[in-house]
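Peer 1: Pasting the sequence and the predicted model now:
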Amino acid sequence: MKAFVFVCLLMMGLMGVATPRRHHKAQSNRLPVALYYEALCPYCMDFVTTQLGPSMLRLDRLPYTDLKLVPYGNARHDDDGNVDCQHGVNECELNAWHGCILEHHEIAESLKLIACMMRGKKNRLDKCADRYKINVDDVKNCKKTRNINDILEKYSEETAKVPFPGVPAIALDNIYDENVSANLTENFDAFFCESYKEKFNKVLDNCQ
């Protein structure tokens, strides 16, 4: 049965259905998961802080996951070629901060910082960095020396390959499927555990 979830919907209708996208090849015994999101989408904020973050970090799924975060969501380019985000200028700023984090830190540190930042609607980088004792000078330099269009360009290109109707959108095992994404959004850890067992014939610790 198809699961129904709330998502931050596209501001414009889909221009057609594209073929499912595929990511780079995952490491052995790691299940690829890609999250397409935007910083101020309330459903994205809830998903990252209450499901993805706890699953990957507290339940220790990250060593078994090839996790990719793509902070762009429903953004578009305006007539001048500038990024126009669904929730305004502040979201573009935060998406760019997330992009700089992802460029300069490995995924565990990145997820800690991003999940912490998504508990609020403003830049909480310093507070989150202090909490986890992570040096973010490189992140600050990235944001200071580059413009938003440049930082978000590769995330725009990644997002354009995926025909999702809204975010959060999740691709599992290199394939985006709307029903699978909905199931993951509703109950991420349980569905991840089930999918991992099916692919690798292994039950992870603390999986129900």
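Peer 2: Noted; the coordinates are in hand.
Peer 1: how close does G88 get to C41?
Peer 2: Per Cβ to Cβ, to the nearest Å, G88 is found 12 Å from C41. To be clear about C-beta, it is placed using only N, CA and C from the backbone, and glycine gets the same treatment.
Peer 1: So these two - more neighbours on which side?
Peer 2: Between G88 and C41, C41 has the larger neighbour count (other Cβ atoms under 10 Å), namely 25 against 10.
Peer 1: burial of the spatially closest residue to that one that is not a sequence neighbour, as a residue count?
Peer 2: Nearest in space to C41, with sequence neighbours left out and distances taken as Cβ to Cβ, 6 or more residues apart in numbering, is C8 at 3.6 Å. In terms of burial, C8 registers 21 neighbours under the definition other Cβ under 10 Å.
Peer 1: Quick one: residues contacting C8.
Peer 2: Taking Cβ atoms under 8 Å, 6 or more residues apart in numbering as the definition of contact, the neighbours of C8 are 38, 41-44, 73-74, 86, 166-168.
Peer 1: same check, this time on K197
Peer 2: Shown here is K197, whose contacts under the criterion Cβ under 8 Å, 6+ apart are 203-204, 207.
Peer 1: can I assume C128 is in contact with L111?
Peer 2: No: with contact taken as Cβ atoms under 8 Å, C128 and L111 are classed as non-touching, separated by 11.2 Å.
Peer 1: what about the helices in the chain?
Peer 2: Across the chain, reading from the start of the chain, the helices by DSSP state H fall at 42-47, 53, 89-104, 107-117, 125-132, 137-145, 148-160, 178-186, 188-200.
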